[in-house]
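1. got a sequence here, can you build the structure:
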Amino acid sequence: MSLLEYPVHPGEVLKELYLDPLGIGAIAFARRLDVPRTRIERLLKGVTGMTPDTALRLARAFNTTPAYWMNMQTSFEMAIASKEVDVSGIEPLVAD
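-> Residues are numbered from 1 along each chain as shown. Alright, predicted model coming up:
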């Protein structure tokens, strides 16, 4: 089974691997990042996706990279799309 079969939203990763172990809630964390609390709450619930702005802030807060967070979002979206988009009728192009 591939990772694409198990999409994990970056908000879930943020909650489970970062905020819960630190004992930090969404409101306190939002204050720390200087963002609206709703941004973090919606991200943790999987209602909204990772943005470059948030990725930059998370990278700074957790000593990671913005790409780490954005790649999680891209992987999540690709996993969802691969289940929803039918590309079987598209013929591959081949150069002569």
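2. show me the shaky parts of this structure.
-> By pLDDT under 70, the weakly predicted segments of the chain are 1-5.
3. ranges for the helices of the protein?
-> The residue ranges that make up the helices of the chain, judged by DSSP state H, are 10-13, 20-22, 26-33, 37-45, 52-62, 66-84.
4. winner for burial among these?
-> helix 10-13 (a mean of 20; mean count of other CB atoms under 10 Å). In short, each C-beta sits where N, CA and C put it, glycine included.
5. counting contacts, what elements does that helix pack onto?
-> The contact analysis (3 or more CB pairs under 8 Å, 6 or more residues apart in numbering; DSSP states H and E) places helix 10-13 against helix 37-45, helix 66-84.
6. repeat that with 6 Å
-> Packing partners of helix 10-13 (3 or more CB pairs under 6 Å, 6 or more residues apart in numbering; DSSP states H and E): helix 66-84.
7. could I have the helix it packs on exported to PDB, CA atoms only?
-> Below are the C-alpha coordinates for helix 66-84, written out as PDB (Å, rounded to 0.1, in the frame of the first residue of the first chain):
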ATOM      1  CA  PRO A  66       8.600  25.700   5.100                       C
ATOM      2  CA  ALA A  67       8.900  22.900   2.400                       C
ATOM      3  CA  TYR A  68       8.300  20.300   5.100                       C
ATOM      4  CA  TRP A  69       4.900  21.700   5.800                       C
ATOM      5  CA  MET A  70       4.000  22.600   2.200                       C
ATOM      6  CA  ASN A  71       5.000  19.100   1.000                       C
ATOM      7  CA  MET A  72       2.600  17.600   3.500                       C
ATOM      8  CA  GLN A  73      -0.200  19.700   2.100                       C
ATOM      9  CA  THR A  74       0.700  18.800  -1.500                       C
ATOM     10  CA  SER A  75       0.900  15.100  -0.600                       C
ATOM     11  CA  PHE A  76      -2.500  15.300   1.100                       C
ATOM     12  CA  GLU A  77      -4.100  17.000  -1.800                       C
ATOM     13  CA  MET A  78      -2.600  14.600  -4.300                       C
ATOM     14  CA  ALA A  79      -3.900  11.600  -2.300                       C
ATOM     15  CA  ILE A  80      -7.400  13.100  -2.300                       C
ATOM     16  CA  ALA A  81      -7.200  14.000  -6.000                       C
ATOM     17  CA  SER A  82      -5.900  10.500  -7.000                       C
ATOM     18  CA  LYS A  83      -9.100   9.100  -5.600                       C
ATOM     19  CA  GLU A  84     -11.500  11.600  -7.100                       C
END
